[in-house]
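Q: Dropping a prediction and its sequence here:
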Amino acid sequence: MKPLYQIMKQRLTAAVTLAFMLGSAVPVFAGLDSEVDTLLAAEASPEGVVFEVVTNKREALDTALPQIISAVKRLRQRWSKLDIVIVTHGKEQFALTSANFQKHSGIHKQVQNLVKEASVGVHVCGTFAQRNNVAPEEFPDYVNVSASGPAQINDYKTLGYVVVLVTP
């Protein structure tokens with residue numbers, strides 16, 4: 001039979017491990033506003049922020065972009081020079097093709113404003129586009145076609161950027 005102190009130590013270790021695991025999972029499930037609140041509560045600015053959008057819904061940017069625009073404004077109020085990018089690499093990225101400008105003119109105007117007025121880079125996934133028979137040239141100049149959306153995100157993570165998953 002184990003001594004009481006060993007049993008208590010095991011239970012405490014298990015409780016701390018569980019608390020850490022739950023604590024680290026909170027930002028993943030807490031939502032965009034909560035993640036931005038966490039970033040804003042930090043003493044120092046992150047190197048940059050990547051808003052990642054990946055869904056199976058072609059209309060997802062209708063919901064995601066207003067959320068991102070609001071978050072960009074909040075982040076820039078605190079850190080005016082913070083580098084911010086968007087990487088979209090699911091079906092929603094196809095709303096950004098030049099051929100879909102008329103159908104999704106609101107999305108295109110929001111992206112143009114983000115790029116021009118707020119200096120936010122916008123990336124789509126070239127690999128996913130090609131798999132869906134969409135060539136890089138089919139996206140307008142204000143959209144960067146990355147070879148791979150996930151690789152682009154990993155490159156930003158390597159530079160110290162914080163990734164915020166946007167789930168519209």
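A: Looks like it came in fine.
Q: low-scoring pLDDT stretches of the protein, where are they?
A: Applying pLDDT under 70 to the chain flags the ranges 1-30.
Q: can you give me the strands for it?
A: Along the chain, counting by DSSP state E, strands occupy 48-53, 83-88, 121-125, 144-146, 162-166.
Q: Relative to Ala60, which of the ones you listed is closest?
A: Among the strands of the chain, the nearest to Ala60 by C-beta to C-beta is strand 48-53 (6.5 Å). For every residue, glycine as well, the C-beta is placed using N, CA and C.
Q: Parallel or antiparallel, which strands does that closest one pair with?
A: Strand 48-53 pairs in its sheet with strand 83-88 (parallel), strand 162-166 (parallel), by DSSP bridges.
Q: Using CSV, write out every CA atom in that strand.
A: C-alpha atoms of strand 48-53 as CSV (Å, rounded to 0.1, in the frame of the first residue of the first chain):
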residue,chain,number,x,y,z
GLY,A,48,2.0,39.3,-35.7
VAL,A,49,-1.4,37.6,-36.0
VAL,A,50,-2.7,35.2,-38.6
PHE,A,51,-6.5,34.8,-38.9
GLU,A,52,-7.0,31.3,-40.3
VAL,A,53,-10.2,30.5,-42.1
